[in-house]
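Engineer: sequence first, then the predicted structure:
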Amino acid sequence: MLAIKLQRIGKKHQPSYRVVVAERRSKMAAPPVEDLGSYNPSTKVAILKTDRLQHWMNVGAKPTVTAHNLFVKEGVIKGAAVPVKMPKAVVKEVAPVAESAAPEASAPAESPAVEESAPEEASSAE
């Protein structure tokens with residue numbers, strides 16, 4: 001099955017992408033069936049061959065979620081953008097860090113209150 005994907009090119013920390021038609025399960029280093037354009041995320045400029053893109057979609061190639069959202073943004077496809085799902089592992093790592101920091105902050109706040117009340121009792125007993 002064919003898919004329309006973004007193939008990363010460019011240097012480290014300077015990403016640039018080719019929009020290509022390739023087998024859905026192929027590695028990104030594998031040669032694509034056809035090159036359909038390019039996308040630069042730093043400048044948000046997309047150069048697409050819309051006629052070839054429509055041809056491959058009519059043949060049965062399905063765009064990935066990111067490619068679909070890019071095509072909607074550029075006006076090649078009409079419709080709504082598809083929400084991109086974040087992996088659950090990322091959300092689980094962030095939550096325990098926030099919970100463990102909260103009890104430590106509340107514990108020191110209680111101990112000064114106890115120390116302050118002790119001198120008051122001693123002065124009232126005199």
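Structural biologist: That came through, no problem.
Engineer: Val20: neighbour count?
Structural biologist: Using other CB atoms under 10 Å, the number of residues around Val20 comes to 22. The C-beta positions use only the backbone N, C-alpha and C, and glycine is treated the same way.
Engineer: surely Ser42 meets Tyr17?
Structural biologist: No. Between Ser42 and Tyr17 there is no contact under CB atoms under 8 Å: 10.9 Å.
Engineer: more neighbours: which of those two?
Structural biologist: Applying other CB under 10 Å to Ser42 and Tyr17 shows that Tyr17 carries more neighbours, namely 20 against 10.
Engineer: make sure the more buried one is indeed in a strand.
Structural biologist: Yes. Assessed with DSSP: H, G, I helix; E, B strand; the rest coil, Tyr17 lies in a strand.
Engineer: okay, and the residue lying closest to it once chain neighbours are set aside sits in which element?
Structural biologist: By the measure of CB to CB, 6 or more residues apart in numbering, the closest residue to Tyr17 outside its immediate chain neighbours is Leu6, 4.2 Å from it. Using DSSP states H and E, the element containing Leu6 is strand 2-11.
Engineer: you'd agree Val59 is up against Leu2?
Structural biologist: Yes. The pair Val59 / Leu2 is scored as a contact, 7.4 Å apart, by CB under 8 Å.
Engineer: ok, those two, which is more surrounded?
Structural biologist: Neighbours around Val59 and Leu2, counted as other CB under 10 Å, are more numerous at Leu2. The numbers are 18 against 9.
Engineer: is the more buried one bridged to anything, and to what?
Structural biologist: Per DSSP bridges, the residues bridged to Leu2 are Glu23.
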